[in-house]
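Need coordinates for the below:
(2 chains, ligands or ions: 2)
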Amino acid sequence: MKAIRILSRGIRDAFKSVIRNFSLSTAAITCSSITLILVAVAMIISYNVNHITNDLEKELTIVVYLKQTCAEEQKEEFKNKLEMMKNNNVEEYKYKSKDEWKLEMKEYSDTFSTALDYLDTNPLLDSVTIYVKDVNLLKETTDEIKQLDYVESADYGEGMAENLVKVFDIIEKVTIIIVLALVLVTAFLIGNTIRLTIFSRRNEIEIMRLVGASNTSIRLPFLFEGLFLGILGSIIPILITVYGYVLLYDHFNGYLFTQIIRLTEPFNFILNVSGILLVIGAIIGMFGSYHAVRKYLKI
Amino acid sequence: MELIEIKNCYKVYNNGVTAIADLNLKIDKGEFVFVIGASGSGKSTLIKMLYREEKPTNGSVFVGGINVAKLRNAKVFKLRRKLGIVFQDFKLLPKLTVFENVAFALESIGIQKKEIRPKVIKALENVGLKDKMRSFPNQLSGGEQQRVCIARAMVNEPKLLICDEPTGNLDPDISKEIVDILDKINKESGTTIIMATHDRDIVNKMKKRVLLLQNGVLVSDDKKGSYKVHEGN
Ligand SMILES: Nc1ncnc2c1ncn2[C@@H]1O[C@H](COP(=O)(O)OP(=O)(O)OP(=O)(O)O)[C@@H](O)[C@H]1O
Ligand SMILES: [Mg+2]
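Numbering: from 1, shown residues only, chains lettered A, B, ... in the order given. Ligands and ions are numbered 1, 2, ... in the order given. Okay, here's the model as predicted:
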């Protein structure tokens, strides 16, 4: 019961203080709103880009043709090697022998079928399609395979797709750095607001100490104040996320620019993002106020 | 049984000043004790050690069975709930009414709302200020403000009331009023009262136990003491 009274008193004082220090509170809330909007945008982009790159990465394969002269043992050797490479970058591979190719081609067209029947030997090559784990290592893996002397050729879809993945990667990293910097600035601003509250309430704090208020009950209002500032700062970003994303999704019919880039369905995606924004706001607020209380509230 | 027991107590401030030296002292429950001495003799230091605003450098200070010297910061509030403190400069919150100022003390220690009101009104009645409970501190005289402070200090019914020059800012007549209130509290509720003061007239009139400090040393402890001429103020 006593704990609940102390808690509710802490919440009440924190509320009063947010309103009393209106201009400072507004500054802190604005800053945390801006930060969280950026976090939201970053999360939305990053999630969708991940989505896209996952799709793209599935398309990125290495196609290997083995030499006509390649003996059966060498083919086995190659398969063994690929099995071993599963510990590295090889995710999966599909082997297709020249006979399978021949059958497929015969089915495909009658002309091929008759032409191939005239030949004694099969002029086609055995092929292996390799799916990789990390597209950033695509080139290295391809080069490694090229070096084998029974390999005729090894190629991957160089160009656009790979570059796109790289660009997204850089964008993601830059966003993370910016967001981290902004989080720090926000925590600092909230901490500063709390510092001024502590200062403006120093007489109250002194009396509370003298009459025997516990340290927890003295600190609590300030921690709550930080929490409130953080949570209040997440309201606008959440509204923007919810309405903005649905609008964006509807406007583009779920696709961005081209059919390749497919947007994530708004539900439950925006709910998750909103939840995360609220939690991040609360954590930044608590962090800022905890720091200020530690530093400036000497008890 | 003694409420306060101080043994071989020293207080040396960081700047090297020895404010209290080898103090040994016992104060019983229900006593009324004046602490006198020239400016800088260590009165406030002694008082501050009693409510653990300062820690003794050496020795022990027992208040209600708690050794203040060993009390951890996080536990100080338990000591403070057992005592009331009154200062020369009142320390009232200007934006709160008289009632709210007294209630603030109880709210701060988590007392239930419905218990607060009767306690506050009783405390204000005891200092004769019930009819001013809706006033703000700046609408009161100095004497009235000090009475609010006494009400605030007494509202939780502590066993010990500590006063550091409570009449320091007041006219002689008003000072006498304040001390009479303290005397009444002492007699009616048996609250132990320790009061540091410069006020020669009051000490002489009250005929209570008087502790005299000189440069941090307790030089006399007189059961029915008075201010002597050579002691100065
Ligand atoms: N926080 C402090 N740091 C350093 N020295 C201090 C501190 N507080 C008091 N002193 C010194 O300790 C000595 C005793 O001071 P104290 O305040 O206890 O005296 P006092 O008897 O209350 O004086 P007054 O009658 O003027 O209030 C003085 O020499 C003072 O300068
Ligand atoms: Mg003093």
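
Now do the most centrally placed residue in chain B, the pLDDT please.
With distances taken as C-alpha atoms, centre = their mean, residue B:162 lies nearest the centre of chain B, 1.6 Å away. What the model reports for residue B:162 is a pLDDT of 97.

State the helix or strand in which it lies.
Using DSSP states H and E, residue B:162 sits in strand B:160-164.

elements contacting that strand?
helix B:43-50, strand B:83-87, helix B:142-154, helix B:172-189, strand B:192-196 (3 or more C-beta pairs under 8 Å, 6 or more residues apart in numbering or on different chains; DSSP states H and E). From N, CA and C alone the C-beta is placed, and that goes for glycine too.

closest to residue B:133 out of these?
helix B:142-154 (9.1 Å; C-beta to C-beta).

Determine if any part of that closest one is in contact with chain A.
Yes. Judged by C-beta under 8 Å from any C-beta of the partner chain, helix B:142-154 and chain A are in contact via residue B:152.

got the helices and strands packed on strand B:160-164 as JSON lines, with distance to residue B:106 and mean neighbour count columns?
JSON lines is the format used below for the helices and strands packed on strand B:160-164 (distance: least, C-beta to C-beta, whole Å; neighbours: other C-beta atoms under 10 Å in any protein chain shown):
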{"stretch": "helix B:43-50", "distance to residue B:106": "22", "mean neighbour count": "23"}
{"stretch": "strand B:83-87", "distance to residue B:106": "12", "mean neighbour count": "24"}
{"stretch": "helix B:142-154", "distance to residue B:106": "9", "mean neighbour count": "24"}
{"stretch": "helix B:172-189", "distance to residue B:106": "17", "mean neighbour count": "17"}
{"stretch": "strand B:192-196", "distance to residue B:106": "21", "mean neighbour count": "24"}
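
thinking again about what came up before, what residues are up against the residue nearest to the centre of chain B?
Residue B:162 is in contact with B:47, B:50, B:51, B:83, B:84, B:85, B:86, B:194, B:195, counting by C-beta atoms under 8 Å, 6 or more residues apart in numbering or on different chains.

Let's see that with 6 Å instead.
Contacts for residue B:162 were tallied using C-beta atoms under 6 Å, 6 or more residues apart in numbering or on different chains; they are B:47, B:50, B:83, B:85, B:194.

Would you mind giving the domain segments of chain A?
Domain assignment for chain A by automatic domain parsing gives A:2-56+A:164-296, A:61-155.

Who is the residue lying closest to residue B:47 once chain neighbours are set aside paired with across the strands?
Take residue B:47 and drop its neighbours on the chain: the residue closest to it by C-beta to C-beta, 6 or more residues apart in numbering or on different chains is residue B:164, 4.9 Å away. According to DSSP bridges, the residues that bridge with residue B:164 are residue B:87, residue B:196.

show me the contacts for residue B:164.
B:44, B:47, B:87, B:196.

What count of nearby residues applies to residue A:179?
18 (other C-beta atoms under 10 Å in any protein chain shown).

Kindly provide the distance from it to chain B.
Distance of residue A:179 to chain B, given as C-beta to the nearest C-beta, to the nearest Å: 37 Å.

Would you confirm that that residue contacts residue A:39?
Yes. Under the criterion of C-beta atoms under 6 Å, residue A:179 makes contact with residue A:39 at 5.4 Å.

Wait, residue A:273 touches residue A:242, no?
No. If you go by C-beta under 6 Å, residue A:273 and residue A:242 don't touch, sitting 8.6 Å apart.

between these two, who's got more neighbours?
Taking other C-beta under 10 Å, residue A:273 and residue A:242 do not tie; residue A:273 has more neighbours (22 against 16).

any idea how far the residue nearest to residue B:98 when sequence neighbours are not counted lies from residue A:273?
Leaving aside its sequence neighbours, residue B:98 sits nearest to residue B:133 (C-beta to C-beta, 6+ apart; 4.8 Å). Between residue B:133 and residue A:273 the distance is 53 Å, computed by C-beta to C-beta, to the nearest Å.

who does the longest helix along chain A touch, helix- and strand-wise?
In chain A, assigned by DSSP state H, the helix with the most residues is helix A:160-200. Under the contact criterion of 3 or more C-beta pairs under 6 Å, 6 or more residues apart in numbering or on different chains; DSSP states H and E, helix A:160-200 touches helix A:22-59, helix A:215-251, helix A:266-296.

Quick one, which of these gets closest to chain B.
With C-beta to the nearest C-beta, the closest approach to chain B among these belongs to helix A:215-251: 5.7 Å.

that older thread, just the contacts of residue B:164 that are near ligand 1?
Contacts with ligand 1 within these, as defined by C-beta under 6 Å from any ligand atom: residue B:44.

coming back round to it: give me the angle between the strand holding residue B:162 and strand B:192-196.
10 degrees (axes from the mean of the first three to the mean of the last three C-alpha atoms, to 10 degrees).
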